[in-house]
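1. Predicted model follows, preceded by the sequence.
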Protein chains: 2
Amino acid sequence: MYRTNTCGELRTEHIGKTVTLAGWVQRVRNLGNLIFIDLRDRYGITQLFFDSNSPLAEKAKSLGREFVIAATGIVNERASKNAQMPTGDIEIKVEKLDVLNESKLPPFTIEDETDGGDDIRMKYRYLDLRRNVIKENLLKRHQVARAVREYMDAQGFADVETPVLIKSTPEGARDFVVPSRLSPGNFYALPQSPQTFKQLLMVAGFDKYYQIVRCFRDEDLRADRQPEFTQIDCEMSFVEQEDVLQMFEGMVKYVFKKVRGLDLGDFPRMSYADCLKYYGNDKPDLRFEMKLQEIKEVVSGKNFKVFDDAEAVIAIVAEGCSEYTRKQTDELTEWVKRPQIGAGGLVFIKCNTDGTFKSSVDKFYSADDLKKIAEYCKAKSGDLILILSGPLAKTRKAMSELRLELGNRLGLRNANEFKPLWVLDFPLLEWDEEEKRFNAMHHPFTSWKNEDDELLQSNPGAVRANAYDVVINGVELSSGSIRIHNREKQEKMFSLLGLTPEEANFKFGFILNAFEYGAPPHGGIAFGFDRFCSIVISNLDYIRDFIAFPKNNAGRDMMLDAPSDIDSKLKKDLGLS
Amino acid sequence: MYRTNTCGELRTEHIGKTVTLAGWVQRVRNLGNLIFIDLRDRYGITQLFFDSNSPLAEKAKSLGREFVIAATGIVNERASKNAQMPTGDIEIKVEKLDVLNESKLPPFTIEDETDGGDDIRMKYRYLDLRRNVIKENLLKRHQVARAVREYMDAQGFADVETPVLIKSTPEGARDFVVPSRLSPGNFYALPQSPQTFKQLLMVAGFDKYYQIVRCFRDEDLRADRQPEFTQIDCEMSFVEQEDVLQMFEGMVKYVFKKVRGLDLGDFPRMSYADCLKYYGNDKPDLRFEMKLQEIKEVVSGKNFKVFDDAEAVIAIVAEGCSEYTRKQTDELTEWVKRPQIGAGGLVFIKCNTDGTFKSSVDKFYSADDLKKIAEYCKAKSGDLILILSGPLAKTRKAMSELRLELGNRLGLRNANEFKPLWVLDFPLLEWDEEEKRFNAMHHPFTSWKNEDDELLQSNPGAVRANAYDVVINGVELSSGSIRIHNREKQEKMFSLLGLTPEEANFKFGFILNAFEYGAPPHGGIAFGFDRFCSIVISNLDYIRDFIAFPKNNAGRDMMLDAPSDIDSKLKKDLGLS
């Protein structure tokens, strides 16, 4: 061992002891008669010092940032203590100094606030990972994983590993594939999730399964997606929806308590339909109210064609914002007209503190009309009403974005507050305009509500699934459902999704067969673990800072420079040349 | 929830309670006036019973094996208790019976000793996994993983996830590759191990890292290899070899204690050279002695050309086997002549209990000669000496096989005994006869002993690595080393392995660069987790029964029927058609 202690553990009780520390030079301060070095390792920073007349002084002065050294000396009490540092009461008077490795000048500073841009940080990720903020994220990620395992183990779940080299699946268009050398022309696929395996484990009688497992999805990458990601994957047998909700609400609570010391309280529940109605999307941020209000009824018939012709007129009330300037409202109008939001315009009604009203559509609405609208919306004096109109779905979506934007601007999205929610009763199917057929909203193994059985033929889009999501602060953390466990129902589902019996059999024969050998009722859930960590640890939805070696938005590993060309012999062996 | 209790938990204290159980029908016994059903779930078996005049009797009789049912009834004390079963004191008098799912007749019996062959078991793995023996293997595998994590967590190791989509590596010929859709013509590779990442984590200052992680190797499969396998991957900074040995000896001991209640004791250590000398291979089974003895010196000069001309003459002594019949010795001779062993013949010396000797080469050796040989070998009367001769390496290998075979035949390889060993001082390089160059024996990141520095030029094959393996009962469980942490040394190593600076840079530029920014001294180890489980749980070296969904010897998943053809559109998108 190159050291007797770490750089985070020495305290006044160690004064007088001879110790050896090893680590990285964070900083060298040469005060003329004294030289100080901050020595850093994973556990902390300890101050070393040298008299200028020490034979080691020259060597100490020559050390550069990030040199790796081992220093032996006596623990001294500091003359001026530093209460900010856990080791701030002591310092080491160095008597022996070894340079274990040198370092070139790093391309960016190894500090919490670095001067490195994204690209350079990713290329030198091993240096970026030295920064305290990133290092702590990853160490806490381990804590989150431990808390998850503690809970799941205590609840009797079996951690079973499922294969990574599998068979291409239904959403096969997004599969990564692996050419087989032993079976030329054939391919393995990498799993988008272990969905079918966990169901087979239920058929096998494992009763309760979980796994923290890598999954893969070859998407056109968006800002915060990764081609490989980690999932907390869970399944239970002989359960109904309520059992699953209780079990995993317990898990989320346990993790927050353990990692953040926070009691989340019981999770409220809301139907998918209500989420859309009141928040415009299926993952509402409940840290602030500002609910969407459908006001078509009260604004119609005043010859304002925009509202009269619209399928939906939706308002939100921004509390205390009646004094917004023209500049501010113009800017918000521009904001909703951006192509990402796509609204045609934005109508304002200011509920002035003097009891009067002022709107951008005064031409069509009398003071009395405006008062009625304000009353309908439960706006108080001092509030600002913002109104969008148009097709229902599109208007809800735009209003949802506007609501979140206002939440940000008004500081209503508190970084220390967590508002969990169960979203329930998702639709089973969603219409794919391009392919002119239904897709599974969750996945094709999701069961539907018995009471909606007849709708399956008459109005498939209205069938509700036994599906549920955990949402926290507007971020979808998980997605789960009670599964189909019966061959006929599963076949019916595949046929609704446009698979021929032959296709269904080629891709899913194994699970259709399995359902004929005593499949128990079962259901489960999967949490996006990267995102879960991001929320639990930082209350941010930015996963890249919680992954040790992430890929960029183009799916490239900038450090490895991968993907890349491969050996030509290998290519030939695989029939790829 | 479909049940109030599991099939493993009811005892006499529950008598009189009304319960609902759910599970699989293991067996229906119709005794005329009474019908018994053994109901099975993951946790055990509970006996249900029905009076023949119960309205449920007909339904009960109609149940087939593996039907999934839920049964509600009252816990009764059994008339005749079954002490073999944890629930054997009670039974359930059923009052309500629901069939949750039917089952076709399984293609093999769901019993510990099944009538299913390998192929059919793999095809219906979800049924095979219902068998108690396989289920218990996997549940215990989870216990092993938990024990590993407990130890590593307590020792301050950080569990950090490393990527699966990486860049093709040096042993690239065995890489699985993944074509990139976003970067046509380029490929990711799947990791054969996270070796370079864990080293980068040391450069990043993570100090102690571990991960239970999936790895991939596209080999021509042998009987007990899998294209994907799991590794306990570990690395530490600021350590020397002794630190790593202590840490991981502790880990193995902890797991054996926790999972099997067994104290392994301190591990003996042996050099690679001594392993070969005394056991003929680098993973000796120490459950029995029967050391190899080089006896060329004492058998030479007696005009027996076979021995006189041989590079090596090696003997082992089989205790108490002097009375082996001609049939037995002939059979052993045939055994060593098989192509897998490849010996030319086998010489015997029987040390008879009456003090005389009898050998298959009496023509060349007098009674006195034989006595001298026996004394040299420390054979006692009643023992049998077996001798092979030929080139040293080949003869050692053959003798090693013969030793193990005799160990099996003589019952010396006790299934309840564990003999761990550290093997040390491996050669750094091994000569590749085909490619006419050196390969790294461990991997190209392994450091060598300072004292062998000069041999690097003069006799590279003699250089000893700072490498170490844990072997238990003849099975290699792990492989580790102190790594190179210096760019120049790493470049020297690559050049010894025949990589040009350009190749080294293309493949490993990132780690060569990393070594210039303050890489600490570091070392680590990786355990084959599947094999580790197989040994800890069953003291067998047969990994397939410890993997939930294994592939067969041709790398196929018989259940999924993968690898397979993929969607033609997907192929086109990937430029593969």
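-> Yep, it's here.
2. Can you give me the buried ones in the helix or strand bottoming out on mean pLDDT in chain A?
-> Within chain A, judged by mean pLDDT, DSSP states H and E, the helix or strand with the poorest mean is helix A:568-573; its value is a mean of 83. Using 16 or more other CB atoms under 10 Å in any protein chain shown as the test for burial, helix A:568-573 gives A:570, A:571. Any C-beta I mention is one placed from the backbone N, CA and C, and that applies to glycine too.
3. One more: stretch A:304-319?
-> Neighbour counts over stretch A:304-319 (16+ other CB under 10 Å) mark A:304, A:306, A:307, A:310, A:312, A:313, A:314, A:315, A:316, A:317, A:318, A:319 as buried.
4. Just the ones of the residues you listed in helices?
-> The members of these that map onto helices under DSSP state H are A:306, A:307.
5. Within reach of chain B, which of the buried residues of stretch A:304-319 are there?
-> Checked against chain B using CB under 8 Å from any CB of the partner chain, the buried residues of stretch A:304-319 yield no neighbours at all.
6. With distance to residue B:94 as new columns, can the buried residues of stretch A:304-319 be given to me in TSV?
-> Listed next are these as TSV, based on distance: CB to CB, whole Å:
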residue	distance to residue B:94
A:304	70
A:306	68
A:307	65
A:310	62
A:312	56
A:313	60
A:314	57
A:315	60
A:316	58
A:317	60
A:318	63
A:319	61
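7. And the buried residues of stretch A:304-319, which is closest to residue B:60?
-> Residue B:60 lies nearest to residue A:312 out of those, by CB to CB, at 57.7 Å.
8. Count the neighbours of the nearest residue to that closest one once chain neighbours are set aside for me.
-> Counting by CB to CB, 6 or more residues apart in numbering or on different chains, residue A:312 lies nearest to residue A:392, which is 4.2 Å off, once chain neighbours are set aside. By the criterion of other CB atoms under 10 Å in any protein chain shown, residue A:392 has 16 neighbours.
9. go on, residue A:566?
-> Using other CB under 10 Å, residue A:566 has 21 neighbouring residues.
10. wait, doesn't residue A:298 sit right on residue A:376?
-> Yes - contact criterion CB atoms under 8 Å: residue A:298 and residue A:376 qualify, at 4.6 Å.
11. These two: which is more packed in?
-> A count of neighbours by other CB under 10 Å puts residue A:298 above the other of residue A:298 and residue A:376, at 19 against 15.
12. show me what contacts the more buried one?
-> Residue A:298 makes contacts with A:372, A:373, A:376, as judged by CB atoms under 8 Å, 6 or more residues apart in numbering or on different chains.
13. So for the closest residue to chain B within the stretch 351-500 of chain A, what's the pLDDT?
-> Nearest to chain B, among the residues of the stretch 351-500 of chain A, is residue A:485, at 6.4 Å (CB to the nearest CB). Looking at residue A:485, its pLDDT reads 98.
14. what's the closest non-adjacent residue to residue A:359?
-> Nearest residue to residue A:359, sequence neighbours excluded (CB to CB, 6+ apart): residue A:349, at 4.2 Å.
15. Residue A:456 now?
-> Here the residue nearest residue A:456, using CB to CB, 6+ apart, is residue A:463, at 5.7 Å.
16. Equivalent analysis for residue A:465, please.
-> residue A:428 (4.1 Å).
17. Surely that neighbour is in contact with residue A:444?
-> No - the pair residue A:428 / residue A:444 is not scored as a contact, 9.9 Å apart, by CB under 8 Å.
18. More neighbours: these two, which one.
-> The residue with more neighbours, out of residue A:428 and residue A:444, is residue A:428; 27 against 23, by other CB under 10 Å.
19. Dihedrals phi and psi, the more buried one?
-> Torsion angles at residue A:428 (phi, psi; degrees, to the nearest 10) stand at phi -70, psi -40.
20. Next up, the contacts around it.
-> Contacts of residue A:428 (CB under 8 Å, 6+ apart): A:440, A:441, A:442, A:446, A:448, A:452, A:460, A:463, A:464, A:465, A:467.
21. Quick check: end-to-end length of stretch A:1-20?
-> 10 Å (CA to CA, to the nearest Å).
22. ok, is it in contact with chain B or not?
-> Yes - on the criterion CB under 8 Å from any CB, stretch A:1-20 is in touch with chain B at A:1, A:2, A:3, A:6.
23. Would you mind listing which of those are buried?
-> Buried among the residues of stretch A:1-20 next to chain B (16+ other CB under 10 Å): A:2, A:3, A:6.
24. between those, which is closest to chain B?
-> Comparing those against chain B with CB to the nearest CB places residue A:2 closest, at 3.9 Å.
25. Please list all residues in contact with that closest one.
-> Applying CB under 8 Å, 6+ apart, the residues near residue A:2 are A:20, A:22, A:70, A:100, B:238, B:239, B:240, B:521.
26. Who's the closest spatial neighbour of it, skipping the chain neighbours?
-> In space, residue A:2 is closest to residue B:238, 3.9 Å off (CB to CB, 6+ apart).
27. Would you agree the one you found is in contact with residue B:520?
-> Yes - between residue B:238 and residue B:520 there is a contact at 5.8 Å, judged by CB under 8 Å.
28. what sits in contact with each of these two?
-> Common neighbours of residue B:238 and residue B:520, using CB under 8 Å, 6+ apart, are residue A:22.
29. can you list contacts of stretch A:323-330?
-> So stretch A:323-330 is contacted by A:318, A:332, A:346, A:348, A:350, A:360, A:382, A:384 (CB under 8 Å, 6+ apart).
30. Just want to check the distance between the spatially closest residue to residue A:296 that is not a sequence neighbour and chain B.
-> Sequence neighbours aside, residue A:313 is the residue nearest to residue A:296 in space, at 4.4 Å (criterion: CB to CB, 6+ apart). Applying CB to the nearest CB, to the nearest Å, the value for residue A:313 to chain B is 42 Å.
31. Touching, residue A:313 and residue A:295? I think so.
-> Yes - using CB under 8 Å, residue A:313 makes contact with residue A:295 at a distance of 5.3 Å.
32. count of residues packed around residue A:119?
-> Considering only other CB under 10 Å, residue A:119 is surrounded by 10 other residues.
33. dump the residue contacts of it.
-> A:552, A:558.
34. Can you tell me the element it falls in?
-> helix A:118-123 (DSSP states H and E).
35. anything in the helix or strand that that helix is followed by near chain B?
-> Using DSSP H and E, the next helix or strand after helix A:118-123 towards the C-terminus is helix A:125-128. Yes - interface with chain B: helix A:125-128 contributes A:125, A:126, A:127 (CB under 8 Å from any CB).
36. of those residues, closest to residue A:494?
-> Ranked by distance to residue A:494 (CB to CB), the residues of helix A:125-128 next to chain B are led by residue A:125 at 42.8 Å.
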